[in-house]
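Chemist: Fold the stuff below for me.
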Amino acid sequence: MSAILLEFLDENLHRSYPIEDDNGAVDATGSFTMPSSLISDIFLCVPCLPEVDKSQFYIERVVVRKNFIDIEVGYDDALITSPLGVFRSIDTSADPHSTYDFTPYEYTGGGALSPLYYMTGQITIGECVDTVRSLGSWSFDQSTTDKSTKILQTRVSKGLLNVQYISINNRLYTGNVKLKEGANVSLDVDTRTLDGGDTETVVTVSASLNAGSTLQLSNDEDVLAALTDLYGRPIRTINGMLPDPNRNFNILGGDCTAIEAEGSHSVVISNPCARPCCDEDTNIDNILASIANLNQRYATLKAFYDSTSSAISSIQNKLLVLGSEV
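Modeler: Numbering: from 1, shown residues only. Next up, the predicted model:
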């Protein structure tokens with residue numbers, strides 16, 4: 001009777017990791033069996049809620065194309081009617097053990113299980129050679145063990161790592177990041193109930209203009225009202241014209257109008273065309289000389305006029321005497 005020498009047996013060839021070992025991974029049509037070489041490892045980070053059962057996560061569908069493969073993850077519960085998300089565009093020519101991040105689908109329902117649509121995860125791909133031989137879209141259900149593709153519970157962790165990093169001033173911060181209130185800033189946490197009974201946590205960041213103030217600056221109208229209280233009503237438009245992006249109005253001169261700054265806070269509007277242009281001493285002397293010349297010519301003409309009038313009067317008198325003698 002022969003015996004199997006276990007020390008020479010590669011036991012990893014006989015397991016379906018990270019799928020449960022007793023799962024057959026045969027699609028719903030019975031035409032495709034997901035090769036164990038496709039997925040080397042998988043890790044899902046899911047919400048830490050009592051309603052979430054780590055044993056119910058499974059590979060719901062594998063879409064095989066020549067160059068890319070999509071692997072969708074589902075949750076075996078009647079409330080969840082569509083896949084939770086996908087490991088998208090897995091390159092069939094990539095090096096073995098390449099990793100891909102999980103992309104959640106848009107929230108489509110689920111009541112108390114709706115937070116599952118915000119889960120994260122990562123998958124490590126082994127080899128795609130055996131998989132690409134069966135092009136198509138292959139779906140799996142969990143009705144029987146031979147068709148099941150349940151993921152090992154050890155590869156599912158409760159404790160949602162939804163925020164992978166925070167970027168501040170182009171620097172990435174990972175791990176535990178604490179939000180702390182600064183001067184004149186307050187953080188308020190509130191839990192709201194949504195339609196359908198779901199809940200969400202809302203963090204409200206509030207600011208005040210001065211320490212101890214209860215003024216809430218939640219929108220543009222609040223800010224404008226606060227500034228008006230402190231400084232009076234600002235100029236918002238001029239004849240319906242809005243300011244430039246720097247909140248400035250530019251005053252331009254035209255048609256003999258000049259705009260000049262004087263000092264730090266004054267603007268002078270002047271009309272250069274109205275300035276005297278003949279105020280030089282030489283010009284004034286020339287004008288006075290011309291006026292004197294005109295006066296002289298006027299006197300000459302006046303004297304000539306007076307002498308001519310006198311001569312005419314003398315001739316008229318002589319003519320009257322001659323007329324009386326005839």
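Chemist: use CA for all of it now, contacts and neighbours both
Modeler: Fine.
Chemist: measure residue 237 to residue 172 for me?
Modeler: Note on residue 237: its distance to residue 172, by Cα to Cα, to the nearest Å, is 41 Å.
Chemist: and what of residue 232?
Modeler: Separation of residue 232 from residue 172 (Cα to Cα): 42 Å.
Chemist: Same question for residue 222.
Modeler: From residue 222 across to residue 172, the span is 33 Å (Cα to Cα).
Chemist: higher neighbour count, those two?
Modeler: Between residue 222 and residue 172, counted using other Cα atoms under 10 Å, the more crowded position is residue 222 (13 against 10).
Chemist: which parts of the helix or strand hosting that one are buried?
Modeler: Assigned by DSSP states H and E, residue 222 falls within helix 220-231. Buried residues in helix 220-231, defined by neighbour count with 16 or more other Cα atoms under 10 Å: 223, 226.
Chemist: Tell me which helix or strand comes right after it.
Modeler: Next helix or strand after helix 220-231 toward the C-terminus (DSSP H and E): strand 258-262.
Chemist: Do a quick rundown of the helices in the chain.
Modeler: Along the chain, counting by DSSP state H, helices occupy 220-231, 281-325.
Chemist: Any chance of JSON lines for those, columns distance to residue 115?
Modeler: Listed next are these as JSON lines, based on distance: least, Cα to Cα, whole Å:
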{"stretch": "helix 220-231", "distance to residue 115": "33"}
{"stretch": "helix 281-325", "distance to residue 115": "93"}
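Chemist: any low-confidence regions in the chain?
Modeler: Segments of the chain classed as low confidence (criterion: pLDDT under 70) are 1-15, 160-165, 175, 196-198, 208-218, 275-281, 325-326.
Chemist: The residue nearest the centre of it - nearest residue in space that isn't next to it in sequence?
Modeler: The residue lying closest to the centre of the chain (Cα atoms, centre = their mean) is residue 167, at 14.6 Å. For residue 167, ignoring the flanking residues on the chain, the nearest one in space by Cα to Cα, 6 or more residues apart in numbering is residue 173 at 6.3 Å.
Chemist: Could you measure from that neighbour over to residue 282?
Modeler: Remark: distance between residue 173 and residue 282 (Cα to Cα) = 80 Å.
Chemist: And residue 140, by the same measure?
Modeler: 108 Å.
Chemist: who's more crowded, the two?
Modeler: Higher neighbour count among residue 140 and residue 282: residue 140, with 24 against 10, using other Cα under 10 Å.
Chemist: List the single closest residue to that one in space, sequence neighbours excluded.
Modeler: residue 27 (4.7 Å).
Chemist: Quick one: neighbours of that neighbour, just the number.
Modeler: When neighbours are counted by other Cα under 10 Å, residue 27 registers 23.
Chemist: next one: the one 10 residues further on
Modeler: Residue 37 sits with 16 neighbouring residues when counted by other Cα under 10 Å.
Chemist: Now do the contacts for it.
Modeler: Shown in contact with residue 37 (Cα atoms under 8 Å, 6 or more residues apart in numbering): 126-128, 130.
Chemist: Of the residues you listed - the most surrounded one?
Modeler: That'd be residue 128 among the contacts of residue 37, by other Cα under 10 Å, with 23 neighbours.
Chemist: wait, isn't that one in contact with residue 38?
Modeler: Yes - between residue 128 and residue 38 there is a contact under Cα atoms under 8 Å: 5.6 Å.
Chemist: Next up, the contacts around residue 122.
Modeler: Going by Cα under 8 Å, 6+ apart, residue 122 touches 42-44, 87, 99-102.
Chemist: next one: residue 288
Modeler: Here residue 288 is in contact with no residue (Cα under 8 Å, 6+ apart).
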